[in-house]
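Asks: Quick one, what's the 3D model for this:
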Amino acid sequence: MNRLLLWLSLCAAFILSSCASIYDPAPQILPEHIRNVCVRPIVNNTNQFGLEAKFMNALVDEVLRDGRLSLVNTESEANGVLSITIRRYILQPLTYDVNMVAEQFKLWIIVSVSLIDRENDVTLWTEPNMEGIQIYKDITNRNTDVSMGDGMSEEEARTIIWEKLSRDIVKRTIRGFGSVTSVSERKVPL
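Replies: Below you'll find the model as predicted:
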């Protein structure tokens, strides 16, 4: 009986240890021939005017700040091309004061991003629903204590989102190529 128990416990330990192995895929590395990128003009499919210009400025700043890829002006000079579409712009009130005036908002921006290998004419990765979210207290509300740093404007919230999305795009392109950050089905085309 003791041998049977020992044998069963050893089998169970073996099975559990094999189940505990962590899935560790090989890192997806950006192809070596991609040393520079061009950003296509950002498409704005929302009813908010001028979003694409501020987003482009933030993305260009982030690519230059990172410094691992150079930025070129035309697609003919580029090894890689970033294609971006601003798909959704949602401003949602979260809390109200006693007079039913919105105090706190959630700004949610969804973009579609793709990196195209121009040399091989293939899409290396695509993120159809990359999202940027910022929750903030409205600075124009009388109950917000501006001196305490509690509030911000919608424009300031957008600036924070552009910076976050730009960092995510550069990270996804250079360091995390093949990684998963989108809220939709993820895959890297082969």
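Asks: Contacts for stretch 52-71, please.
Replies: Stretch 52-71 is contacted from outside by 34-39, 41-44, 80, 82, 84, 86, 111, 158-159, 162-163, 165-167, 169-170, 173-174, using C-beta atoms under 8 Å, 6 or more residues apart in numbering. C-beta coordinates here come from the backbone N, C-alpha and C atoms, glycine included.
Asks: rerun at 6 Å
Replies: Identification of contacts with stretch 52-71 by C-beta atoms under 6 Å, 6 or more residues apart in numbering yields Asn36, Val37, Val39, Ile42, Asn44, Trp162, Glu163, Ser166, Arg167, Val170, Ile174.
Asks: Surely the first one and Gly80 touch.
Replies: It stands for Asn36. No. Applying C-beta atoms under 6 Å, one finds Asn36 not in contact with Gly80, separated by 7.2 Å.
Asks: neighbour count winner among those two?
Replies: Neighbour count, other C-beta atoms under 10 Å: between Asn36 and Gly80, Gly80 has more, with 23 against 13.
Asks: Which strand residues bridge the more buried one?
Replies: When bridges are called by DSSP bridges, Gly80 pairs up with Val37, Asp117.
Asks: ok, it - contacts?
Replies: Under the criterion of C-beta under 6 Å, 6+ apart, the contact list for Gly80 reads Ile34, Val37, Leu115.
Asks: if I look at it, how far off is His33?
Replies: Distance of Gly80 to His33, computed by C-beta to C-beta, to the nearest Å: 9 Å.
Asks: Can you tell me which of the contacts of stretch 52-71 has the lowest confidence score?
Replies: pLDDT across those is at its lowest for Ile174, which sits at 85.
Asks: Are we agreed that that residue is in a helix?
Replies: Yes. Checked against DSSP: H, G, I helix; E, B strand; the rest coil, Ile174 lies within a helix.
Asks: measure it to Asn79 for me?
Replies: For Ile174, the distance to Asn79 - C-beta to C-beta - is 13 Å.
Asks: give me the number of residues near the closest residue to Tyr96 other than its chain neighbours?
Replies: Setting aside the residues directly before and after it, Tyr96 is nearest to Ala102 in space (C-beta to C-beta, 6 or more residues apart in numbering), at 5.7 Å. Counted with other C-beta under 10 Å, the neighbours of Ala102 add up to 16.
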